[in-house]
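Student: Sequence below, structure please.
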Amino acid sequence: MNRREDDDSDDTNRWLVSYADFITLLFALFVVLYAYSQANEAKHQALSEAIGEAFGRSGGGLLPATGKIVGNEPRPTALDPQAASRIELRRRTMDTVRGALRDLIDQGSVTVTETPNGLVIDFNASALFETGIAEPSPAARESLTAVGRLLAGTDYVVNIEGHTDDTPINTRTFASNWELSAARAAGVAKLFEQAGVAGTRLVAMGFGEHRPVAENASPDGKARNRRIVAILKDPCDAPAGCAH
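Tutor: Presented below is the predicted three-dimensional model:
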């Protein structure tokens, strides 16, 4: 009777062994997860070695030395050939435009910059037009025509913006700065078209005095606000993208 009771007691308590093993493994899992969440490399290495010794493995531990899951590192992707070609075209176009406008750039009358919206050519209107006039001066026509010829060899969409200061204008030709800024933008677009840029790639807009880049309280501020901005947009950057 006593022996049978002892055997029954042993059978009843065997689940405790499995339960204790499960708790131990669960504890080890949480310790490992906690270690991965810490950036301390020394602690990570010490934990790795301790776990290795506990499971009878010597040298190097069980965890990757970097604390990262092996095999999940992002793989570098090769640049799409077409994208690389477009980037190179943009760089060459910007360099060529700067060369064609070197004199005006050196005078501080033109800036050429690359922005997320495209290549931007910012002309000081004083370098292109006489006061209250929408027809570019002879010297300006030469520079603008040179730029137009360069753009004719690309497929950029060219947005041309006309801007003025806040000085009112009311002449026989222009009733307001709206008309003056639009006429100046259209004049530049016309020169580009004559130089070979397809009219379907040209957009002319007049903003009058409503998008200033400086205060109109000083002559210098007014001069900065009188400008023509040509934005060269890559058609591949449009939502429709380019055909591959």
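Student: where do the helices sit along this structure?
Tutor: 2-36, 41-54, 81-100, 102-106, 138-152, 177-194, 219-225 (DSSP state H).
Student: Can you report phi and psi for the most centrally placed residue in the chain?
Tutor: By C-alpha atoms, centre = their mean, the chain has its centre lying nearest to residue 116, at 5.1 Å. Main-chain torsions, residue 116, degrees, to the nearest 10: phi -60, psi -20.
Student: weakest of the helices of the chain by average pLDDT?
Tutor: Mean pLDDT across those is lowest at helix 41-54; the value there is a mean of 64.
Student: Contacts for stretch 197-217 next, please.
Tutor: If you take C-beta atoms under 8 Å, 6 or more residues apart in numbering as the criterion, stretch 197-217 is touched by 148, 151-152, 155-167, 176-186, 188-189, 192-193, 220-222, 224-225, 227. Every C-beta, even on glycine, is put in place using the N, C-alpha and C of the backbone.
Student: rerun that using 7 Å as the cut-off
Tutor: With contact meaning C-beta atoms under 7 Å, 6 or more residues apart in numbering, stretch 197-217 is reached by 148, 151-152, 156-166, 176-178, 181-182, 185-186, 189, 192-193, 221-222, 224-225.
Student: so how far is that stretch off the chain centroid?
Tutor: 23 Å (C-alpha atoms, centre = their mean, to the nearest Å).
Student: With only the CA atoms kept, save it in CSV.
Tutor: In CSV, the C-alpha atoms belonging to stretch 197-217 read as follows (Å, rounded to 0.1, in the frame of the first residue of the first chain):
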residue,chain,number,x,y,z
VAL,A,197,11.2,74.5,-77.5
ALA,A,198,7.9,72.8,-78.3
GLY,A,199,4.9,75.0,-77.3
THR,A,200,3.3,72.0,-75.7
ARG,A,201,6.1,72.1,-73.1
LEU,A,202,5.7,75.7,-72.2
VAL,A,203,3.5,77.3,-69.5
ALA,A,204,3.4,81.0,-69.0
MET,A,205,1.9,82.5,-65.7
GLY,A,206,1.6,85.9,-64.2
PHE,A,207,1.4,86.4,-60.5
GLY,A,208,1.7,90.2,-60.3
GLU,A,209,2.9,91.4,-56.9
HIS,A,210,1.2,88.6,-54.9
ARG,A,211,4.2,86.2,-54.4
PRO,A,212,7.0,88.4,-53.2
VAL,A,213,10.4,87.0,-52.0
ALA,A,214,11.3,90.1,-50.1
GLU,A,215,9.7,93.1,-48.4
ASN,A,216,8.6,95.9,-50.8
ALA,A,217,9.6,98.5,-48.2
